[in-house]
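A.B. asks: can't give you the sequence, but here's the structure:
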């Protein structure tokens, strides 16, 4: 499914989020706060657009994804990045290899996100940082309006801009089935992370979860 939307993925996301996706990437980059000498693993990196925000002098960035189509497009768009084919539930990296593990809009797509969180903990160095950005739940009356948009308008709009609108039907369904902010924070803590917290963006449409390996 993701192979089929690789060519238009970034552009379609900008359109469907009304440009908010650029704001969210900036917030994630600030949360990651990569410094010279650090190694950053960006999982579900897609075409590498999110990974480029972490790239600076002295920072190693590995862009990992389970979609070979996304990786092929990414290698052409961002040749400065290191792309790796990887399953989030069985990462092909050594224990304690990375200073930061981050994942944006991909944890929902993993068969068992708790297993993936355990893998993120494994490949992080002691005191390493976890930054997860994911679609979440809007509280209160505004939440009902958002759910109405997901169910009724998102599939129609995606049909205008995407060659594979069924991918965005899946997006709508997966967002509504995803754990709420506090539940995901508890899942992160349960696998062994410390200092777990989250920040809502765009009224809770998106949430950034942060944690530390102790």
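C.D. replies: Thanks, I have the structure now. Just so we're clear, the structure is a prediction, and the values are computed from it rather than from any experiment. Numbering: from 1, shown residues only.
A.B. asks: can you name every helix or strand that the longest strand seen in the chain contacts?
C.D. replies: As assigned by DSSP state E, the longest strand anywhere in the chain is strand 124-135. With contacts taken as 3 or more CB pairs under 8 Å, 6 or more residues apart in numbering; DSSP states H and E, strand 124-135 sits against helix 20-32, strand 98-104, helix 166-177, helix 181-190, strand 206-212. Heads up, the C-betas are built off the backbone N, CA and C, glycines and all.
A.B. asks: what's the first helix or strand after that strand?
C.D. replies: Per DSSP states H and E, the first helix or strand lying C-terminal to strand 124-135 is helix 141-148.
A.B. asks: hmm, back to that, nearest to residue 44, out of the helices and strands packed on strand 124-135?
C.D. replies: Closest to residue 44 of these, according to CB to CB: strand 98-104, at 5.3 Å.
A.B. asks: quick one: buried residues of the longest strand of the chain?
C.D. replies: Using 16 or more other CB atoms under 10 Å as the test for burial, strand 124-135 gives 124-125, 128-135.
A.B. asks: dump those residues into CSV; add distance to residue 29 and pLDDT as well.
C.D. replies: Output for the buried residues of strand 124-135, formatted as CSV (distance: CB to CB, whole Å; pLDDT from 0 to 100):
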residue, distance to residue 29, pLDDT
124, 18, 98
125, 20, 98
128, 17, 98
129, 13, 98
130, 15, 98
131, 9, 98
132, 14, 98
133, 10, 96
134, 16, 95
135, 18, 92
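A.B. asks: check what pLDDT the residue of the chain positioned farthest from its centre gets.
C.D. replies: For the chain, the largest distance from the centre (CA atoms, centre = their mean) belongs to residue 141, which lies 26.5 Å off. What the model reports as pLDDT for residue 141 is 89.
A.B. asks: still on that earlier bit, can you tell me which two in the buried residues of strand 124-135 are farthest apart?
C.D. replies: 125 and 135 (28.5 Å).
A.B. asks: nearest residue to the residue nearest the centre of the chain in space, ignoring adjacent ones along the chain?
C.D. replies: Centroid-nearest residue in the chain: residue 104, 1.2 Å away (criterion: CA atoms, centre = their mean). By the measure of CB to CB, 6 or more residues apart in numbering, the closest residue to residue 104 outside its immediate chain neighbours is residue 133, 4.1 Å from it.
A.B. asks: and if you look at residue 103?
C.D. replies: Residue 103 sits nearest to residue 43 (CB to CB, 6+ apart), 4.3 Å away.
A.B. asks: dihedrals phi and psi, the one you found?
C.D. replies: Per-residue torsions, residue 43: phi -90, psi 150 (degrees, to the nearest 10).
A.B. asks: distance check, it against residue 87.
C.D. replies: Going from residue 43 to residue 87 by CB to CB, to the nearest Å gives 10 Å.
A.B. asks: quick one, which of the two is more surrounded?
C.D. replies: Using other CB atoms under 10 Å as the criterion, residue 43 and residue 87 rank with residue 43 on top: 28 against 15.
A.B. asks: what about that one, distance to residue 138?
C.D. replies: 25 Å.
A.B. asks: perfect, I'm done here.
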